[in-house]
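Novice: Sequence first, predicted coordinates after that:
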Amino acid sequence: MISVENLTFGYDEHPVLKGISFTEQEPVITGLWGRNGAGKTTLMKLMAGHMKPGGGSIRINGHEPYNNPEAQKHLCYMMEDHIFSSIWTVRDALRFYKYFNPNWNQGMADQLIETFKLPMSKNSSKLSTGMKTALQLVIGLASQADITILDEPTNGLDAGMRKKFYELLLDSYDEYPRLILVSTHHIEEIQPLLESLVVVHEGKLMMNESMEQVRERGFWLSGERAQVDQLTEGQRILDEDAIGTSKKVMIDASLSDAWRKRAQAAGVSLEKAQLQDYLLQMTDKVKEASL
């Protein structure tokens, strides 16, 4: 479905992507995570065919996406702040994208319009941030494109609407399995839906793993300093905090029964780290190592 090989891109003399390679050959819901400036938006634009790679290659169902109408039949990319014509109403926008998406599901579009209470006659430029996001979600999900790319799809939605979107995303995927790539800062909320995760940091691929593996990585050990130090000797430490004789440490390892038994035997408490905290600490360590 998507094949990215040694992908590079830069603006003038400034490199943005530095040899990224990964593939997704099966229908999955994949997360894309990275800090601001990591290269996520550039990567998505290249995959969507909006820009030409500086080097390497991208294949969308076997086709190069840039300037290629055949590849575009399989693609739907909704940017974080998607641009709609200033003269379009919501109805106009939906009509336009229906025309260019051969797998369009009008029944799903109608359901989403009702769910989000979209004002069909309102000019798209007059929509609130939340309503504009809702319009993008209707298009993204109803397109049923083989490769659907959603950039920050919950921007401006309240907690209730975000939860509803996650439900609708899963329903849409179950009804028509395809590759859905979701870039989001709300990784804790959406991670139960994800089957794999791609992490980009400073223009490089830092991680491309199944969520089953990712969910087990990173945990806290806390207790008496001497016991914690003994347990974590030789481990990659991502974060630590010490007060008096007590110490709390996050290590980069997979949570397992063996670790639980070791911690219990040492009288040290063990707690799974939140995914967001783990990823932040991972990228911090990469940054520190490069200094």
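Specialist: Cool, got the structure. Residues are numbered from 1 along each chain as shown.

Novice: For the helix or strand V198 falls within, could you pull out the residues that count as buried?
Specialist: Element membership for V198 (DSSP states H and E) is strand 196-201. When burial is assessed from 16 or more other CB atoms under 10 Å, strand 196-201 yields the following buried residues: S196, L197, V198, V199, V200, H201. All C-beta spots, glycine's among them, are computed from the backbone N, C-alpha and C.

Novice: list the contacts for Y176?
Specialist: N103, N105, Q144 (CB atoms under 8 Å, 6 or more residues apart in numbering).

Novice: And D284, by the same measure?
Specialist: By CB under 8 Å, 6+ apart, the neighbours of D284 are L238.

Novice: For it, pull up the helix or strand it's in.
Specialist: Short version, using DSSP H and E: D284 is in helix 275-290.

Novice: related to what we said a few turns ago, which members of the contacts of Y176 are classed as buried?
Specialist: Applying 16+ other CB under 10 Å to the contacts of Y176 flags N105, Q144 as buried.

Novice: pLDDT and secondary structure for the contacts of Y176 - can I get that in TSV?
Specialist: Shown next, in TSV, are the contacts of Y176 (pLDDT from 0 to 100; DSSP: H, G, I helix; E, B strand; the rest coil):
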residue	pLDDT	secondary structure
N103	94	coil
N105	94	coil
Q144	95	coil
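
Novice: Distance to S21 for the contacts of Y176 - can I get that in CSV?
Specialist: Output for the contacts of Y176, formatted as CSV (distance: CB to CB, whole Å):
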residue, distance to S21
N103, 28
N105, 33
Q144, 28
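
Novice: ok, so of the contacts of Y176, who is nearest L135?
Specialist: Taking CB to CB as the measure, L135 lies nearest N105 of the contacts of Y176, at 15.9 Å.

Novice: Looking at the contacts of Y176, which is nearest T89?
Specialist: Looking across the contacts of Y176 and measuring by CB to CB, the closest to T89 is N105, at 20.9 Å.

Novice: Partner strands of the strand holding V198 and their direction?
Specialist: With DSSP bridges as the test, strand 196-201 is paired with strand 29-33 (parallel), strand 204-210 (antiparallel).

Novice: and it, how far out from the chain's middle?
Specialist: 7 Å (CA atoms, centre = their mean, to the nearest Å).

Novice: what's the spacing between Y176 and S210?
Specialist: Y176 sits 22 Å away from S210, going by CB to CB, to the nearest Å.

Novice: same for the helix or strand hosting A258, what does it pack against?
Specialist: Assigned by DSSP H and E, A258 belongs to helix 257-266. On a contact count with 3 or more CB pairs under 8 Å, 6 or more residues apart in numbering; DSSP states H and E, helix 257-266 meets strand 217-224, helix 225-232, strand 269-272.

Novice: partners of I58 in the sheet?
Specialist: According to DSSP bridges, the residues that bridge with I58 are V4.

Novice: number of nearby residues for it?
Specialist: The criterion is other CB atoms under 10 Å. On that basis, I58 has 22 neighbouring residues.

Novice: In contact with it, which residues?
Specialist: If a contact means CB under 8 Å, 6+ apart, then I58 has I2, S3, V4, E5, L7, L46, M47, E64, P65, Y66 as its contacts.

Novice: Kindly write the PyMOL command that selects the buried subset of those.
Specialist: Filtering the contacts of I58 down to the buried ones (16+ other CB under 10 Å) takes a single PyMOL command:
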select buried, resi 2+4+7+46+47+65+66
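
Novice: Take the contacts of I58 and keep only those in helices.
Specialist: L46, M47 (DSSP state H).

Novice: In JSON lines: the contacts of I58, plus pLDDT.
Specialist: Formatted as JSON lines, those follow (pLDDT from 0 to 100):
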{"residue": "I2", "pLDDT": "92"}
{"residue": "S3", "pLDDT": "93"}
{"residue": "V4", "pLDDT": "95"}
{"residue": "E5", "pLDDT": "96"}
{"residue": "L7", "pLDDT": "96"}
{"residue": "L46", "pLDDT": "96"}
{"residue": "M47", "pLDDT": "95"}
{"residue": "E64", "pLDDT": "93"}
{"residue": "P65", "pLDDT": "94"}
{"residue": "Y66", "pLDDT": "94"}
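
Novice: would you list the contacts of I58 in CSV and tack on distance to K98?
Specialist: Converted to CSV, the contacts of I58 look like this (distance: CB to CB, whole Å):
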residue, distance to K98
I2, 24
S3, 29
V4, 29
E5, 33
L7, 31
L46, 26
M47, 22
E64, 26
P65, 21
Y66, 24
